[in-house]
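1. Kindly generate the corresponding structure for this input.
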Amino acid sequence: MAAATGTARGILTRIATPDDERRCAEIFLEGRRAAFPWQPADRFGLDDYAASVEGSLVLVAEAQGTVAGFVSLDPCDRFIQALFIDPAWQSRGIGTILLLRAQTALPGPIRLACAARNKAARAFYERRGWTPVAHTLAGTTAHILYQSGCAAENRAPAGWASAAFPALRGL
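-> Predicted coordinates:
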């Protein structure tokens, strides 16, 4: 796996440390509440972050000395499990930088899932060249599977929305 540390536009990206966990959990909580407004706000908690990233490679983006966002990767499945940016740091290129770092860490096609109702996230991925390759229902929420570097003939693997992708559980 390629190194996942670097600086772009004054944003430092690096592998997360245990010291980053609380800050990432706060970003995850705020981000999920904003991304899934159809869910009750108390459905999400700070403890959700640790369970979501267990066994994942987590990269953080630092801006002005604070963690401003993170991306969690499942290297074995070549899957982005979560990408969240602190609302105060959104629209500054941090999400794009983290996506590029993810693609550096996992060269070749990688995938992610996005709630179909999350129009802002879908537009973000599609503007950056990610291709929708499948639609599914996880629980009561429809999701779209995206792939980077994708030819139109690529399709989702069977069972892609299974328990192997904890980011989809219960949404």
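
2. in which helix or strand would I find the closest residue to residue 135 other than its chain neighbours?
-> If you skip the residues right next to it in sequence, residue 135 has residue 144 as its closest partner in space, 5.6 Å away by Cβ to Cβ, 6 or more residues apart in numbering. Glycine gets a C-beta too; all of them are placed from N, C-alpha and C. Take DSSP states H and E as the rule and residue 144 turns out to sit in strand 141-147.

3. I'd assumed residue 98 was in contact with residue 83.
-> Yes. Look at residue 83 against residue 98 with Cβ atoms under 8 Å: they come within range, at 6.0 Å.

4. Let me see the ranges of the helices in this protein.
-> For the chain, the helices defined by DSSP state H cover 21-35, 48-53, 94-105, 119-127.

5. Save those helices as JSON lines, and put in mean neighbour count, distance to residue 137 and mean pLDDT too.
-> Putting the helices of the chain into JSON lines (neighbours: other Cβ atoms under 10 Å; distance: least, Cβ to Cβ, whole Å; pLDDT from 0 to 100) gives the following:
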{"stretch": "helix 21-35", "mean neighbour count": "18", "distance to residue 137": "18", "mean pLDDT": "92"}
{"stretch": "helix 48-53", "mean neighbour count": "18", "distance to residue 137": "20", "mean pLDDT": "91"}
{"stretch": "helix 94-105", "mean neighbour count": "21", "distance to residue 137": "25", "mean pLDDT": "92"}
{"stretch": "helix 119-127", "mean neighbour count": "14", "distance to residue 137": "16", "mean pLDDT": "93"}
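
6. Switch these over to CSV; also include distance to residue 63.
-> Supplementary listing: the helices of the chain in CSV, determined by distance: least, Cβ to Cβ, whole Å:
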stretch, distance to residue 63
helix 21-35, 12
helix 48-53, 19
helix 94-105, 7
helix 119-127, 18
